[in-house]
Every structure is written in structure tokens, then in C-alpha cells.
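In: With the sequence up front, the predicted model follows.
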Amino acid sequence: MVTVEDFSRVVSSIYDSAVQPEHWTATMAELHTMFGATGGSALVVADSVSRAPQSTTIPPDALAEYTEYYRHIDYLLEAVEAGPVGYVHSCQELAELQPKAEFRMDWMRPHHLNDGLFVRLTDGPTPATWLIATEKYSEPFDTAERVQLAEALVPHFQRALRIQHDLSEATHQIRNISSAMDNVTRIGMAVVDSALAVRYLNAAAENIIRRHDGLTIRDGSFEFAHPPAAGGLRHGINAALGQTGQVVRGTTSLLCPRPSGRRPYVIHVLPFRHVTAPLAYSRALVLILDPEHHPQPDGELLRRLYGLTTAEAAVAIRLMQGDGIKPIAESMCLSAGTVRTHVQHIFDKTGTHRQAELVRVLLARSL
């Protein structure tokens, strides 16, 4: 007689296994003990080619033979996988479908696995089946109590497998996103939460942080050598997360000066959350670009794309490098007024209004 406590414990074990699949084997052990089976219990997943026990307590020698050969001629599981989801089959009824079959005579009987229960748990091209295998006795194993117990466990198995599938899909997506971000070797990428804590850095961002050249991480958050940049980042993250009172979540660009004297980092802050996500789960994507390690946009390309003159294209490239009006004027032998005129023409032709916005546009072209 199975108690309520026994049933609850096994159900909890099933859901625990959904979150930690390595625990399925222990759950199978609990099940074959609860059902009073001598052989074991297993979860078996089939595909278009064959089937493989995912978690099992079936004796190792029997399992080895099954995996090597007999799984390909397992007519019992073939019948269950072709049948309705949730129906509890008796091993005896299935075995009689081919009473003299090689699988029954050469594997089931020698290993004393010729009775039990089978139930298909999932639909689709890769059905999952749960089975209890045991030695055949004079009394059939498929008593009303055992069948009812198996039927009561089926919906819990099904929910647990859905949870496991969803968690697996989410894990794969996270790994794919992480891999893709790490493969972007020229752009530092960081995911920051609403408390300004850095939740993720790709490899390029880690390399930038390790240089300690104007930007580092302290106590889990970004720290700037140039205080106004810190304020700009905070504002950008608030804008990206919709905390500035604006209806549309904004994108912010800023420059991060570097004590080394190298050209400042260019930082873009973008929204990185679903519109309906609670603030506690919202994130901003921070892109960090090092002009020292980025190719300059081709002047001819800028002329073609935006209709810039040769002089305007040259000024645009210098602006992208973080230079101001005076250094540009000196290096190009122009007056500051002429450079300002070029800058205004560049803004007009590129549809931008300030240097940081222009830098973002030009860097996008250079990549």
C-alpha cells in the first residue's frame, strides 16, 4: 500500500529531476521500489533511428545488451510509442503481440524482465516512455492499484518533462547568445541591471576592463576615471530602462576619456529587455568600442553614403577619433570656423545632432 507521504515524495523527486536531470536515475530507483519491481525503472526517449534509455535502474548487463543490440528490435516499446499518450500498458499484453520474438526469448526472459508496465508520456517525433520492468510471477504485475498509481504519476511526469525541455531550451539560448557575444571580438559588450550591477561581460569587454585605462569594475559596477562619464552611463542606463519619464526607452552615447592619453572609449547604452518585463528583471546593453582597435570608416564610403565632400569626410573621421574642433583645425590647416561649418554640414547630411551620435553612426559603418 502506497501512502500519501510516499506518493508526495516521489512526485517531488520527479519535479526535482526536471530541474536537475542527473537526479532522474535516483527517481527511477524510488519508483521501482514503490512499485515493488525487481528489475528496475527507466525513461526511454526514441528518435527516428532508434531509442535510448536516458535514466534507468535496469541491471547493467541487461542494459549493455539492450543498448548494443536489442533496442533496435524492441517491439514492446515500438507498440507503446505508436499508441496513445498516457495509456498504461501491461507488459504481458505487449509481449503477446510477438510471443516467439527474439527480443522476448533472448533478452526479456534471460534477464527476468518479462513483466511490468509501460506508458507513453509525450507526443511528437521523439516520444518519451516510462516503464517499470520486473520478473514474471504467478500473479500479474498490472494490478488495479499499480495501474492507478501509474496513471496518477503520468501528469506529473509530463509537466516535469515540459519544464526540463523549457529549461534546456533557455540554457541553449543563453549559451548561444553568450557564444555569439564572445565572438564579437571588436566590441565590448556588457549587460547591466537596474541597480547598475554588471551581469555579463563578453571577452572583448573583459580585455578592456583589464587595461584599467579609464574604465574598470569595482564592487560589481562600472567605475570611470572621468566622473562625468559615470554620470552619463547612469543616465543612459536609466533611459534604456525607461526610468527617465520618457515614453520611449532611449539610446545614449558617450565618450570615456582615458588617462593613457589614447582616444576615448565610445560607449553606447541600449535597451535590452522586453517591454513588459518588471524593472527588477530589466537590463541594458552597454557597448564599449575602443577606437584604437577599430578600423576607420573609408572616406570614399562616407562620401558615397552621405554625400560628404572630401574635407567633410576627413573631418568626420577625426570626430570619430574623439578629436575636437581645435586639433582638427590645426592638423588640417583650417580655421576653427571652417571646421565648425564642416561639422554642421556633416550633422545635417548624416541626420545626427552631436558628436557622440555621429560617432555611433560612423562606427556602425566601419564595422
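Out: That came through fine. Numbers count the residues shown, from 1 in each chain.

In: hey, where'd the helices end up in this structure?
Out: With DSSP state H, the ranges of helices along the chain come out as 4-19, 24-34, 60-68, 75-81, 91-95, 102-103, 144-183, 203-211, 227-240, 299-306, 310-320, 325-332, 336-350, 355-366.

In: I'd like to know which of these is closest to V44.
Out: Taking CB to CB, helix 75-81 is the member of these nearest to V44, at 6.3 Å. Quick note: C-beta positions are derived from backbone N, CA and C, even for glycine.

In: Indicate which one of the helices of the chain is closest to P110.
Out: Of all the helices of the chain, it is helix 60-68 that lies closest to P110, at 8.4 Å by CB to CB.

In: what packs against that closest one?
Out: Other helices and strands packing on helix 60-68, by 3 or more CB pairs under 8 Å, 6 or more residues apart in numbering; DSSP states H and E, are strand 51-56.

In: what do you get if the cut-off is 7 Å, keeping everything else the same?
Out: Packing partners of helix 60-68 (3 or more CB pairs under 7 Å, 6 or more residues apart in numbering; DSSP states H and E): none among the helices and strands.

In: And the contacts of it?
Out: For helix 60-68, the surrounding residues in contact (CB atoms under 7 Å, 6 or more residues apart in numbering) are P53, T56, W107, H111, L113.

In: which of these count as buried?
Out: Among the contacts of helix 60-68, those classed as buried by 16 or more other CB atoms under 10 Å are P53, T56, W107, H111, L113.

In: Among those residues, show me the least confident.
Out: Lowest pLDDT among the buried ones among the contacts of helix 60-68: P53, with 84.

In: Test my guess that that one contacts A46.
Out: No - counting by CB atoms under 7 Å, P53 does not reach A46; the two are 10.5 Å apart.

In: Looking at the contacts of helix 60-68, which is nearest L301?
Out: The closest of the contacts of helix 60-68 to L301 turns out to be P53 (CB to CB; 58.8 Å).

In: For the closest one, list each beta-bridge partner.
Out: Taking DSSP bridges, one finds V44 as the beta-bridge partners of P53.

In: Kindly reformat the buried ones among the contacts of helix 60-68 as CSV containing distance to I317.
Out: Shown next, in CSV, are the buried ones among the contacts of helix 60-68 (distance: CB to CB, whole Å):
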residue, distance to I317
P53, 63
T56, 65
W107, 74
H111, 76
L113, 75
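
In: Just want to check the distance between L289 and Q92.
Out: 70 Å (CB to CB, to the nearest Å).

In: Find me the pLDDT at L233, would you?
Out: On the pLDDT scale, L233 is placed at 86.

In: Not including adjacent chain positions, what is the nearest residue to it?
Out: Among residues not flanking L233 along the chain, F222 sits closest, at 6.1 Å (CB to CB, 6 or more residues apart in numbering).

In: list the contacts for the one you found?
Out: With contacts defined as CB under 7 Å, 6+ apart, F222 is in contact with V198, L215, L233.

In: repeat that with 10 Å
Out: Neighbouring residues of F222 by CB atoms under 10 Å, 6 or more residues apart in numbering: 190, 192, 196-198, 209, 215-216, 229-230, 233-234, 237, 256, 267, 286, 288.

In: before we move on, back to that, nearest to A101, of the contacts of helix 60-68?
Out: Nearest member of these to A101, counting by CB to CB, is W107, at 9.6 Å.

In: quick revisit: now list whatever residues contact both of P53 and A46.
Out: R71, L77, T129.

In: Just put these in a markdown table and tack on neighbour count, pLDDT and distance to R318.
Out: As requested, the shared contacts of P53 and A46 are exported to a markdown table (neighbours: other CB atoms under 10 Å; pLDDT from 0 to 100; distance: CB to CB, whole Å):
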| residue | neighbour count | pLDDT | distance to R318 |
| --- | --- | --- | --- |
| R71 | 19 | 91 | 69 |
| L77 | 21 | 93 | 71 |
| T129 | 22 | 95 | 68 |
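
In: How much space separates the nearest residue to H72 once chain neighbours are set aside from Y75?
Out: Excluding its sequence neighbours, the residue lying closest to H72 (CB to CB, 6+ apart) is S50, at 5.8 Å. Using CB to CB, S50 is found at 13 Å from Y75.

In: More neighbours: those two, which one.
Out: Neighbours around S50 and Y75, counted as other CB atoms under 10 Å, are more numerous at Y75. The numbers are 15 against 10.

In: wait, isn't Y87 in contact with T129?
Out: No - Y87 is not in contact with T129 according to CB atoms under 10 Å; the separation is 11.1 Å.

In: low-confidence ranges in the stretch 151-300 of the chain?
Out: In the predicted model, the stretch 151-300 of the chain carries pLDDT under 70 at residues 181-185, 244-250, 273-281, 294-297.

In: ok so, going back, can you tell which of the helices of the chain is closest to V119?
Out: Of the helices of the chain, nearest to V119 by CB to CB is helix 144-183, at 5.9 Å.

In: Counting neighbours, which bits of that closest one end up buried?
Out: Quick answer for helix 144-183 (16+ other CB under 10 Å): 146-147, 149-150, 153-154, 156-158, 160-161, 164, 181.

In: With stretch 123-143 instead?
Out: Neighbour-count burial for stretch 123-143, counted by 16+ other CB under 10 Å, picks out P127, A128, T129, W130, L131, I132, A133, T134, K136, F141, D142.
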